[in-house]
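Undergrad: predicted model and sequence below, questions to follow.
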Amino acid sequence: MSASEVFERSGLMSNPAVQEARDFLRNVSARWTHLVDKTTPYTLYRWIGFGFLLAIFILRMFLIHGFYIVTYVLFIFLLNQFILFLQPKDRSTLADDGGPSLPLNDADDFRPFVRRLPEFKFWLTSVKATVIAFCATFFRAFNVPVFWPVLVVYFVVLFVVTMRRQIVDMKRFKYVPWDIGKKRKYSKTGGV
C-alpha cells in the first residue's frame, strides 16, 4: 500500500488545506525543475554560483564558530562526488589485458570518456548538499562539540590518499577525465 493510498483511505486528500499544500509543492517542484533545466548549458556560471554558495557556507562557519561536523560531512560528500566524477562509468572494461584504450592512429575506433557521475549531476548534488548543510547550521542539534583541527587533518589525509589512488588508476588505465588541453585533429576541409 503506497502513501497516496493511505492518504486517500484516511480522507485527508479531500481536505482543502491538504490539496492546497499539495498543489503548492507541485508548483514549487515544477518551477525548480524549470530553473535547473534553464541552467544546463551554462556550465561555467553554474560552477561560479556553486563556488559562491560554498563560500557563503564557509563564511558562516567562520562567523558562528561551530557546526564543524556538518562541514566535515559536507566536504567528505563533495570529495566522494568528485571521485565519482573522475572515474569512468565502467571500470571493469578498463583492464590491462586488451581492454578499451585510446586510439593510437586514425584506424583505431574513438571511444569517448564516459563518466560515472556526469558533470551536471555532480553540480546539482553538490548544490543540494551545500544548501542542506547550510540549513542544518540553523539547528543546534547538529552543533556537536569536536576538536576541529583533527577533522581538518583527517580530511586532508583522506583527500591526499584518495587522489593519489585516483591518479594511479588514471595512469594505469590510461584515461584522462577532462578535455582541457587535449589535442584535436582537424581535417583538411577545416572540420573536426
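TA: Thanks, I have it.
Undergrad: what's the spatially closest residue to residue 146 that is not a sequence neighbour in contact with, if anything?
TA: Residue nearest to residue 146 in three dimensions, not counting chain neighbours: residue 68, with 5.4 Å by CB to CB, 6 or more residues apart in numbering. Every C-beta, even on glycine, is put in place using the N, C-alpha and C of the backbone. Residue 68 sits next to 61, 144, 146, 148, 151 when contact means CB atoms under 8 Å, 6 or more residues apart in numbering.
Undergrad: out of those, which end up buried?
TA: 61, 148, 151 (16 or more other CB atoms under 10 Å).
Undergrad: before we move on, back to that, which one of the contacts of residue 68 is nearest residue 29?
TA: residue 61 (29.8 Å; CB to CB).
Undergrad: pull the residues that contact the strand or helix carrying that closest one.
TA: Using DSSP states H and E, residue 61 sits within helix 43-64. Contacts of helix 43-64 with the rest of the structure, by CB under 8 Å, 6+ apart, involve 39, 67-68, 71, 74, 119, 123, 126-127, 130-131, 133-134, 137.
Undergrad: how about the residue nearest in space to the middle of the chain, secondary structure?
TA: Nearest residue to the geometric centre of the chain (CA atoms, centre = their mean): residue 122, 2.6 Å. Here residue 122 is helix, with the state taken from DSSP: H, G, I helix; E, B strand; the rest coil.
Undergrad: that one contacts residue 87, doesn't it?
TA: No - Residue 122 is beyond contact range of residue 87, at 11.5 Å (criterion: CB atoms under 8 Å).
Undergrad: which residues does residue 70 contact?
TA: Contact analysis of residue 70 by CB under 8 Å, 6+ apart lists 133, 136, 137, 142.
Undergrad: now the buried members of the residues you listed.
TA: Buried members of the contacts of residue 70, scored by 16+ other CB under 10 Å, are 133, 136, 137.
Undergrad: which residues does the helix or strand hosting the first one contact?
TA: Read it as residue 133. Assessed by DSSP H and E, residue 133 sits inside helix 119-136. Residues from elsewhere that reach helix 119-136 (CB under 8 Å, 6+ apart): 36, 40, 43, 46-47, 49-50, 53-54, 56-57, 60, 67, 70-71, 73-74, 77-78, 81-82, 84-85, 142.
Undergrad: where does residue 115 fall, phi/psi-wise?
TA: Main-chain dihedrals, residue 115, degrees, to the nearest 10: phi -80, psi 150.
Undergrad: quick one: low-confidence ranges for the chain?
TA: Low-confidence segments of the chain, defined by pLDDT under 70, span residues 1-14, 91-113, 176-192.
Undergrad: mind doing that once more with 80?
TA: 1-15, 18, 89-115, 171-192 (pLDDT under 80).
Undergrad: quick one: the helices in it?
TA: Secondary structure of the chain (DSSP state H): helices at 3-10, 16-39, 43-64, 68-86, 119-136, 148-173.
Undergrad: next, the angle helix 43-64 makes with the fourth one.
TA: Comparing the axes of helix 68-86 and helix 43-64 via axes from the mean of the first three to the mean of the last three CA atoms, to 10 degrees yields an angle of 160 degrees.
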